[in-house]
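J.: generate a structure from the sequence data that follows.
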Amino acid sequence: MRIQEALQKGSLELKHCGIENPGLDARYLLEWILECNHSYVLLHPEQELSVNQEHRYQEAIEKRTKHLPVQYIIGEQEFMGYTFHVDENVLIPRQDTEILVEEALKRMDAESSDEGRKITVLDLCCGSGCIGISIKKLRPETDVTLTDISEAAIRVAEKNAGSLQADVKICQGDLFEGVQEKKYRFLLSNPPYIPSRVVDTLMPEVREYEPRLALDGAGDGLVFYRRIAKEAPKFLEDEGYVLFEIGFDQAEDVRKILVDAGFEQIQVRQDYAGLDRVVIGRKTAE
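T.: Numbers count the residues shown, from 1 in each chain. Modelled structure (predicted):
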């Protein structure tokens, strides 16, 4: 089978199964099998696939027809310019979450003039580790700790820290459980925030394959924001920051949670679609 034929066949199979972007996914999977880029596929439409390549491609297409996300099939996803290993034990890193990292970096850079001061960062509910590890790679001078309740997620984060040569601390525990009791300058978190009743209405790629533990924010989706906001002051330096990723309709609720917990200078940032995505608060100086 030639490259052009494989793309057409794969795209048609995915379309028949209701995949949203069948042509794009068929191409991503073929590029992964051939270990090539988009340009190569475009320039070599008549190249024959080997028997092994054709077999592996068909296996990948069959997995995608069952709505298994492409990222879980190929085992990786790019985030902040770095390639992260992912599997069904962690959420797939999304571009919207890059807003959280970018907002943290802006504030770190604003404080970088304070020479000799070590900026400490805590990434709660770290999953794949994409937030904390990206911070460490982009600002090597930071001291970064990651934590998650899931043992399986911790193993993924450790794998990513190793492959990206990021010198971070990783520990397992329920939110602050197991975290070293010291003061952090920045607390970042993309916690579970989808209300329980909504999880089962999500697209099949999410509800059937991404870990419910990382999605389900209980009754109203706000339980983890409340828990983190309540405990955070004990772990934050004076005037330290908490940055949350949120659901598009949760900004006002999370803002109030932070205000009630004693945070000030609350700000909301939008994602690339113009939807509320990040809420930032600052701890009041004692």
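J.: average pLDDT across the host helix or strand of residue 25?
T.: In this assignment (DSSP states H and E), residue 25 forms part of helix 22-34. Per-region confidence: helix 22-34 scores 97 on mean pLDDT.
J.: can you confirm residue 137 is in a helix?
T.: Yes - counting by DSSP: H, G, I helix; E, B strand; the rest coil, residue 137 is found in a helix.
J.: that one: how many residues sit nearby?
T.: 18 (other CB atoms under 10 Å). For every residue, glycine as well, the C-beta is placed using N, CA and C.
J.: surely it touches residue 168?
T.: No - using CB atoms under 8 Å, residue 137 is not in contact with residue 168, being 9.6 Å away.
J.: the residue nearest the centre of the chain in helix, strand or coil?
T.: For the chain, residue 93 is the residue whose C-alpha lies nearest the centre (CA atoms, centre = their mean; 3.0 Å). Of the three states, residue 93 takes coil under three-state DSSP.
J.: check contacts around residue 242.
T.: 186-189, 228-229, 232, 236, 258, 263, 280-283 (CB atoms under 8 Å, 6 or more residues apart in numbering).
J.: what about the residues you listed, which one has the most neighbours?
T.: That'd be residue 188 among these, by other CB under 10 Å, with 28 neighbours.
J.: secondary structure class of that one, three-state.
T.: strand.
J.: same deal with residue 174?
T.: Under three-state DSSP, residue 174 comes out as coil.
J.: how close does it sit to residue 149?
T.: To residue 149, residue 174 is 5 Å away according to CB to CB, to the nearest Å.
J.: higher neighbour count, the two?
T.: residue 149 (18 against 12).
J.: now do the contacts for that one.
T.: Applying CB under 8 Å, 6+ apart to residue 149 gives the contacts 125, 172, 173, 174, 175, 213.
J.: can you tell me which of the residues you listed has the most neighbours?
T.: residue 125 (25 neighbours).
J.: which phi and psi does that one have?
T.: phi 60, psi 50 (degrees, to the nearest 10).
J.: pretty sure it contacts residue 216?
T.: No - with contacts counted by CB under 8 Å, residue 125 stays clear of residue 216, the gap being 12.0 Å.
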